[in-house]
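Peer 1: Need coordinates for the below:
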Amino acid sequence: MKEVNYNELKKGGFMRQVQKDHFSLRLRVVGGRLTSSQLKKIYEVANKYGKGYVHLTARQGVEIPFIKLQDIEAVKKELSEAGLEPGACGPRVRTITACQGSSICPNGIIDTTELANECDKRYYAQELPHKFKIGITGCGNNCLKAEENDLGIKGAIEPEWEESSCTFCGLCQAVCPAKAIQIDEKNKKITIDRDKCTYCGRCVKSCPTNSWKGKPGYLLYFGGMFGNNVALAKQILPILFSKEDVHKVIQATLKFYKKYGKQGERFRNTLERVGWDIFKKELEKAIENKGSDFDE
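Peer 2: You can find the predicted model right below:
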């Protein structure tokens, strides 16, 4: 009888259950989005090969439990008919998660679905020292919780005030969660404390006269983890306005982790051991199109 390579099965999304030769199949669900035909196929496979139910994971994924060892190839074939495939497990870039973003949500600032698909094509399942999670959230409401990811991306706006159309109604000051905006009605002036501004864009979205305008951008967070050890990711770069720069930073981050990370070491622990300053310099070099110290 052919020996079963359980590590390869796990790498391919089939995770062993406590029941012998049964697996919980994790699916690749990019940005939490599935079509109705894909949902129908998942329903069919869960009924035919599982026990008629699925498990929804904390990272927008779908798992089908109780897949038998002898059915694995048949399950993969049936799922592929609907454009579905198993999700990556183990030490590699996991499925990219995202909120609905600006194409659906009124609060959304960036197109999270588009960015999630780009990240999926470029980075999904890359081999790394440990699991690596990328999450994309469309605005400061942070529904996707960017700071919980190894690399989190948050939509942001850099606000600018135009005096000519302002009625000094006070709404921007009222909605600013960071108390960064101050209105001087007497002198007809508005000031914004840039050190306090969180780039949430509420002043821009709430202004009835469009006196606040904003340039959409991206805030990036590094080193979050929520497992046996918990740490919030840190924002160490200023807001980025170019998606090209975002990808440069992601690529530099993965290279850094491959270069310095020890096998089995979470990215946050690599950063703490090697040094945040060294990492930040590498990211800045990548943005400036300068060769990094770890380029081959």
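
Peer 1: Just list whatever residues bridge to the residue lying closest to N149 once chain neighbours are set aside.
Peer 2: In this structure, N149 finds its nearest non-sequential neighbour in G135, 3.9 Å apart by CB to CB, 6 or more residues apart in numbering. All C-beta spots, glycine's among them, are computed from the backbone N, C-alpha and C. G135 has the following beta-bridge partners by DSSP bridges: T97, G152.

Peer 1: Can you give me every residue that contacts G135?
Peer 2: Applying CB atoms under 8 Å, 6 or more residues apart in numbering to G135 gives the contacts R59, I96, T97, A98, L144, K145, A146, E148, N149, L151, G152, I153.

Peer 1: Now do the same for it: its pLDDT.
Peer 2: Looking at G135, its pLDDT stands at 98.

Peer 1: now do G32
Peer 2: For G32, pLDDT reads 96.

Peer 1: and if you look at E8?
Peer 2: pLDDT, read off for E8, is 89.

Peer 1: and what of the one 10 residues further on?
Peer 2: As summarised for this prediction, V18 has a pLDDT of 97.

Peer 1: again, but for T57
Peer 2: Among the per-residue scores, T57 shows a pLDDT of 94.

Peer 1: ok, it - contacts?
Peer 2: T57 neighbours (CB under 8 Å, 6+ apart): R26, E63.

Peer 1: now the lengthiest helix in the chain: how far from the chain's centre is it?
Peer 2: Scanning the chain for the helix with the most residues, using DSSP state H, yields helix 243-260. With CA atoms, centre = their mean, to the nearest Å as the basis, helix 243-260 stands 14 Å off its chain's centre.

Peer 1: tell me the average confidence for it?
Peer 2: Rounded mean pLDDT across helix 243-260 is 98.

Peer 1: what's that helix packed up against?
Peer 2: When contacts are defined as 3 or more CB pairs under 8 Å, 6 or more residues apart in numbering; DSSP states H and E, helix 243-260 packs onto helix 112-123, strand 151-161, strand 212-222, helix 267-274, helix 276-287.

Peer 1: most tightly surrounded among these?
Peer 2: strand 151-161 (a mean of 24; mean count of other CB atoms under 10 Å).

Peer 1: Give me the mean pLDDT for it.
Peer 2: Here the average pLDDT along strand 151-161 is 97.

Peer 1: mind listing the strands in the stretch 51-200 of the chain by residue range?
Peer 2: Secondary structure of the stretch 51-200 of the chain (DSSP state E, counting those that start in this stretch): strands at 55-56, 62-68, 97-98, 134-137, 151-161, 181-184, 189-192.

Peer 1: now those strands in JSON lines, with distance to K215?
Peer 2: Converted to JSON lines, the strands of the stretch 51-200 of the chain look like this (distance: least, CB to CB, whole Å):
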{"stretch": "strand 55-56", "distance to K215": "36"}
{"stretch": "strand 62-68", "distance to K215": "37"}
{"stretch": "strand 97-98", "distance to K215": "21"}
{"stretch": "strand 134-137", "distance to K215": "18"}
{"stretch": "strand 151-161", "distance to K215": "5"}
{"stretch": "strand 181-184", "distance to K215": "17"}
{"stretch": "strand 189-192", "distance to K215": "14"}
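
Peer 1: wait, which of these is closest to K234?
Peer 2: K234 lies closest to strand 151-161 among these, at 10.0 Å (CB to CB).

Peer 1: tilt between the closest one and helix 243-260?
Peer 2: On the basis of axes from the mean of the first three to the mean of the last three CA atoms, to 10 degrees, strand 151-161 is oriented at 150 degrees to helix 243-260.

Peer 1: can you offset everything so residue one is 38?
Peer 2: Sure thing, new numbering starts at 38, so read that last one as strand 188-198.

Peer 1: Give me the distance between the residue sitting furthest away from the middle of the chain and A217.
Peer 2: Centroid-distance maximum for the chain: K223 at 44.6 Å, with CA atoms, centre = their mean. According to CB to CB, to the nearest Å, K223 and A217 sit 20 Å apart.
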